[in-house]
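# Next input, structure requested:
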Amino acid sequence: MRRLIGVGVGPGDPELITVKAIRVLRTADLVLVPVLGRPGEEDRAETGRAEATVRAHVDGAVIRRVAFALNDTGGVTPARAAAWDAAADAVTGAFAAGAGTVAFATLGDPALYSTFSYLAQGVTARDPGVTVETVPGITALQDLAARSGTVLAEGTESLVLLPLTAGPGALAEALAAHDTVVAYKLSAAGPLETVWKALAAAGRLDGAVFGARVGLAGEDIRPAASVEEGERVPYLATLISTGRRGGRGSRLGGKAAAEAAAAGLADGAADPPRGPAGPGDGTACPADETAGPAWRAPGPGDGAAGLARGAVGPAGGAATTARGAPGPGDEAADLASGAAGSAGQAGQVADSRGGSV
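Down below sits the predicted model:
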C-alpha cells in the first residue's frame, strides 16, 4: 500500500504539533518539507517554519526539501506548475524506490490554504493507486486567539475566515455579514490602510487584533489600531475582529439571552480582558493511532471553492466561509521562515502558518 499523508505541523511553534503528527512523521519512509524556491534551488533556500518544526522532532535523515515557486504571482504560472510537478515526481519516485509512506509537512492544517492539495492532485494523477490521507493541525487563527486571549465565537455567532488575496472588498462584505472575521495574508490586500479603513467603516477597528510571527522570535501581537499607517507587515500576518458582545451568555439566543445582552450593553459591559496565555506545561507522548481516513484529492472538475456558509444552530456552531479561488500566495502558508522584515522578503513569504502568521 502506497500512502501520501499531508501532516499539519501547527502554526510555527514546535510545541504546537500534535502527538499523532509526530508519530506519523517519525514512522514515514520519507518526509517532504516545502521551501521557497524553484526546483534545483532547494539547498540554497531558507529554512521555513514547517521544516523547523519537523526538524525539532524527526531524524534529519528522512527529511527531503521540495521547492515551491511561492514568489510567483498571477495564478498557475509555468514556474509554479513546474514546482508542483517536480514535487509530485519526488513522491512517485520515492514509491518506485520502495517507500510505503511519504509524509508532507504543511504549516497549519493540510485542509486549509495548504500546498498539500496541489501536491496530492499531482500524485494521484500520476498514480491513482496512491491512498491520500491527512493529519489535522493547529492553525494560525487558533494560536493568535489563544495568545491574545480572544474568544473566537460564542452561542449563535458566525465565524468567517478569508485570505486577503480576495481583496479589501471581500473583507468589508465579511465584516458586514458576520460576527467574527479572521483574515489571513494581510499585505495581499495592498496598502494596509485599506484594511484598517474597512474595519473603521464597520465600527470594528478598536477591537481588532493583529498578529505576526506568532510563537516565534520577534512575535508581534497587538491591537490592530496601533499598527501605524505605512508600517510594513509580514505577508503571513493575521487579523481577528470579533463582534460586540453583551453580558455572559448574551449570544446563546432566546429571550433571557436578549435581556442579558441588553443589560450588558446598558451597563457598558465589555468582553473579558485579553492577556497573553501562560506557558504550557504538558509534554506530548507517543500515540499509536493510525493516520486519518483516506481522502480523495480534488479532481479537475472540482473547481475553485465558492462561497460556502455553514448553518449556525442554537448550539453555537460557527459558520466558515471560503471565498473564491486561491490567490497567488496560498501556498505561502506552508513555508514561513519567521524572519522579521518587509512583506516582500522571502523570509516572510516562505511558510506554511499559518498557518499564516
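# Could you tell me whether residue 150 really is in a strand?
No - with DSSP: H, G, I helix; E, B strand; the rest coil as the criterion, residue 150 is coil rather than part of a strand.
# wait, it sits on residue 209?
Yes - at 5.7 Å, residue 150 counts as touching residue 209 under the criterion of C-beta atoms under 8 Å. Just so you know, the C-beta spots here come from the backbone N, C-alpha and C atoms, and that holds for glycine as well.
# which regions of this protein lie under the pLDDT threshold?
70-73, 254-357 (pLDDT under 70).
# Quick check: next helix or strand after the host helix or strand of residue 171?
Using DSSP states H and E, residue 171 falls within helix 168-177. Of the helices and strands lying after helix 168-177 in sequence (DSSP H and E), the nearest is strand 180-184.
# Give the other helices and strands that the helix or strand just after that following strand contacts.
Downstream of strand 180-184, the next assigned helix or strand under DSSP H and E is helix 192-201. When contacts are defined as 3 or more C-beta pairs under 8 Å, 6 or more residues apart in numbering; DSSP states H and E, helix 192-201 sits against helix 168-177.
# Summarise which helices and strands the helix it packs on is packed against.
strand 159-163, strand 180-184, helix 192-201.
# Determine which stretch of those is the most buried.
strand 180-184 (a mean of 28; mean count of other C-beta atoms under 10 Å).
# picking up where we left off before, redo the helices and strands packed on helix 168-177 as a markdown table? Include distance to residue 126.
Conversion of those to a markdown table gives the following (distance: least, C-beta to C-beta, whole Å):
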| stretch | distance to residue 126 |
| --- | --- |
| strand 159-163 | 29 |
| strand 180-184 | 30 |
| helix 192-201 | 40 |
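# and residue 130, which of the ones you listed is closest to it?
strand 159-163 (28.4 Å; C-beta to C-beta).
# What angle do strand 180-184 and that closest one make with each other?
20 degrees (axes from the mean of the first three to the mean of the last three C-alpha atoms, to 10 degrees).
# What pairs with strand 159-163, parallel or antiparallel?
strand 180-184 (parallel) (DSSP bridges).
# Convert the partner strand to PDB, retaining C-alpha atoms only.
Extracted in PDB, the C-alpha atoms of strand 180-184 (Å, rounded to 0.1, in the frame of the first residue of the first chain):
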ATOM      1  CA  THR A 180     -16.200  37.200  13.900                       C
ATOM      2  CA  VAL A 181     -14.000  37.700  10.900                       C
ATOM      3  CA  VAL A 182     -10.500  36.300  10.600                       C
ATOM      4  CA  ALA A 183      -8.300  37.500   7.700                       C
ATOM      5  CA  TYR A 184      -5.000  35.900   6.600                       C
END
